[in-house]
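A.B. asks: Need the 3D shape of this:
(2 chains, ligands or ions: 2)
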Amino acid sequence: MQKNIICVACPMGCAVTVEIAENGDILSVTGNTCKRGDAYARAECTNPVRSLATTVKVNGGIHNVVPCKSAGSLPKDKIMECMKIINAAQAEAPVSLGDVLVSNILDTGVDIVATNHCPAK
Amino acid sequence: MLNYDIVVIGGGPAGMAAALKAKECGVDSILILERAETLGGILEQCIHTGFGLHYFGEELSGPEYADRFIQLVDEQKIEYKTDTMALEITENNIVYAINKTDGLLEIQAKAIILAMGCRERPRGALNIAGSRASGVMSAGTAQKYVNIDGYMPGKKVVILGSGDIGLIMARRMTLEGAQVKCVCELMPYSSGLTRNIVQCLDDFNIPLHLSCTVVNIHGKERVEGVTIAKVDENRRPIPGTEEYIECDTLLLSVGLIPENELTRAVGINLDPVTSGAVVDEYRETSHKGVFACGNVLHVHDLVDYVTLESQTAGEGAARYVLGKTEAAEYITTKGVNGVRYIVPQKVNIRNSGDVKLYFRVGQVYKNAKTVVKYNGEEIISKKRPRLAPGEMENVIIKNDMLKNFAEGGVIEISVEV
Ligand SMILES: Cc1cc2nc3c(=O)[nH]c(=O)nc-3n(C[C@H](O)[C@H](O)[C@H](O)COP(=O)(O)OP(=O)(O)OC[C@H]3O[C@@H](n4cnc5c(N)ncnc54)[C@H](O)[C@@H]3O)c2cc1C
Ligand code: SF4
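C.D. replies: Ligands and ions are numbered 1, 2, ... in the order given. Below is the predicted model:
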């Protein structure tokens, strides 16, 4: 199987092609202009990760929601599932920057933490 | 009348960084005026991560980045007034401002730092045919609804303009369950960062249509759909390429304009390309003692550059207040052949340090060179594997070079392929 990836490890944005065998082994990486592109493309094909930034509902705060982020990277294919859990969560004002709003989301070992303060109304 | 050495207008990252630097340089009497209810500026609504990579070496979200500076402002006991709108500045550096508790404020400043940021181009600037149905808004307005008010403005979305705010909102609306049908971009390239195209569109299979625009908006009370069409090289819609797309929301992400009403009213010279003031290397405008920095000076894509530029302006204002400015002999800078603009537009050759020139190109180039010439003679040349309008470039003019220049000289920067 062939996979086309745009490397974003630097602003060049090279188009990289990865050749993947039936068993998932990577046969070749082409199109990258440097080593970093090779590593990036391999990671994208084997274990793509993303950080997630969203909001959590707050009760009794000056705003209805407080922004939050994943304290580490999450598997890319679990992002939408994480959103469901985060959207079902609620926090009570006051919330402080850094507060853990959802701990160990989907057993990934990653916490969802507040990225701003939300004082009580 | 109140008296301050420095009045800073705008409490976003630019205003805070400028005030902090001025304080560090030895000025104690500083007042920041901010129209919104908190300091932080537009960063408060930019909840995605990716801020501060250059400055803090960490990927912070907008509010986290702002919070670091808000804490420093508090620690340094810099005075600020929120919910306070600056209305006017005068020839003699008096600032008029208004708020609910003080009423009308009259503040005499020795120096003023303009840090009012920018705002988005409204739909009026676009001339799309069709009804005035609700559901058409700027991407920044939608960003505020979703990220601060916790309110989703629509379910089926089309985005016009592929600038970073549009791309970021495509992902944000998708995460919150909306269906983003496509992003249309008038130009043959996106002005957004490649990283955002990959992580905000490709990750969610959102199509990006280049050389494409919205030609009609349908619906009476609420938007029901839009007609998009391909455009030719003169950006005119090509008949026969129209396509109807059902949607209830159209987000416009078609560029930012510096918010320079105050600047214009007092007669400060503006650069027609940046829509910001014409400044020297300390970001002093044509009006003595008035400095400008951040998005009010020229639109930045990275907040880190806003911070650095604002520190320069803060230092400049402090030097001015403390009477440390050198006599001035200016050379001018000029972008030619692919370079749209350069900031600063003029440089004092008596300056005792190196000077960094920031510039932007007008289109995408691969394997090009940026060439700096002084009075027609090449002085610096840099190979650049990739240049893009969305990414600001810079070049440093070393002080030993500067010393050899003569008043009235011209520095030109160009792209060579
Ligand atoms: C909608 C939008 C979204 C953006 N999203 C991103 C993004 O995702 N990533 C990114 O890197 N950059 C983004 N930017 C760019 C971002 O603006 C800059 O990185 C940075 O925040 C600019 O800092 P600033 O201090 O110059 O302006 P701002 O942050 O805009 O701050 C200006 C401040 O001045 C205040 N002000 C204006 N006029 C007055 C007045 N007359 N009196 C008193 N106060 C006044 C405003 O209320 C505001 O708080 C965005 C810009 C906009 C407009
Ligand atoms: S392959 Fe190397 S040069 Fe190309 S985008 Fe990736 S990191 Fe940059």
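A.B. asks: For ligand 2, see how far away residue B:189 is.
C.D. replies: 17 Å (C-beta to the nearest ligand atom, to the nearest Å). The way it works is simple: take the backbone N, C-alpha and C, and place the C-beta from them, glycine included.
A.B. asks: Name the spans of the chain whose pLDDT lies under the cut-off.
C.D. replies: You didn't say which chain, so I picked chain A. A:11 (pLDDT under 70).
A.B. asks: meant chain B actually
C.D. replies: B:123-127, B:131.
A.B. asks: what does it have sitting close to chain A?
C.D. replies: B:44, B:47-49, B:59-61, B:63-64, B:67, B:146-151, B:172, B:175-176, B:193-195, B:197-199, B:202-203, B:385-386, B:388, B:391 (C-beta under 8 Å from any C-beta of the partner chain).
A.B. asks: Just those: which are in strands?
C.D. replies: Secondary structure assignment by DSSP state E places B:49, B:60-61, B:385-386 of the residues of chain B next to chain A in strands.
A.B. asks: Filter those down to the buried ones and hand me the ChimeraX line.
C.D. replies: Command for ChimeraX that selects the buried part of these, burial taken from 16 or more other C-beta atoms under 10 Å in any protein chain shown:
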select /B:49,60,61,386
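A.B. asks: Farthest-apart pair in the ones in strands among the residues of chain B next to chain A, please.
C.D. replies: Largest separation among those by C-beta to C-beta: B:61 and B:385, giving 29.9 Å.
A.B. asks: which of the ones in strands among the residues of chain B next to chain A lies closest to ligand 2?
C.D. replies: residue B:385 (7.2 Å; C-beta to the nearest ligand atom).
A.B. asks: There's contact between that closest one and residue B:365 in this structure, I believe.
C.D. replies: No: between residue B:385 and residue B:365 there is no contact under C-beta atoms under 8 Å: 9.4 Å.
A.B. asks: residue boundaries of the helices in the chain?
C.D. replies: Unless you meant another one, I'm taking chain A. A:35-46, A:79-88 (DSSP state H).
A.B. asks: my bad, the chain I had in mind was chain B
C.D. replies: B:13-24, B:62-75, B:139-144, B:164-175, B:194-196, B:261-265, B:303-321, B:399-403.
A.B. asks: Tally up the residues packed near the closest residue to residue B:383 other than its chain neighbours, please.
C.D. replies: Spatial nearest neighbour of residue B:383, chain neighbours left out: residue B:369 (5.6 Å); criterion: C-beta to C-beta, 6 or more residues apart in numbering or on different chains. Residues lying near residue B:369 (other C-beta atoms under 10 Å in any protein chain shown) number 14.
A.B. asks: Tell me which residues touch the residue of chain A found nearest ligand 1, please.
C.D. replies: Nearest to ligand 1 in chain A, going by C-beta to the nearest ligand atom, is residue A:53, at a distance of 10.5 Å. Neighbour list for residue A:53: A:67-70, A:115, B:47-49, B:61 [criterion: C-beta atoms under 8 Å, 6 or more residues apart in numbering or on different chains].
A.B. asks: Would you reformat these as JSON lines and include distance to ligand 2?
C.D. replies: Converted to JSON lines, the contacts of residue A:53 look like this (distance: C-beta to the nearest ligand atom, whole Å):
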{"residue": "A:67", "distance to ligand 2": "30"}
{"residue": "A:68", "distance to ligand 2": "30"}
{"residue": "A:69", "distance to ligand 2": "25"}
{"residue": "A:70", "distance to ligand 2": "24"}
{"residue": "A:115", "distance to ligand 2": "28"}
{"residue": "B:47", "distance to ligand 2": "27"}
{"residue": "B:48", "distance to ligand 2": "21"}
{"residue": "B:49", "distance to ligand 2": "20"}
{"residue": "B:61", "distance to ligand 2": "25"}
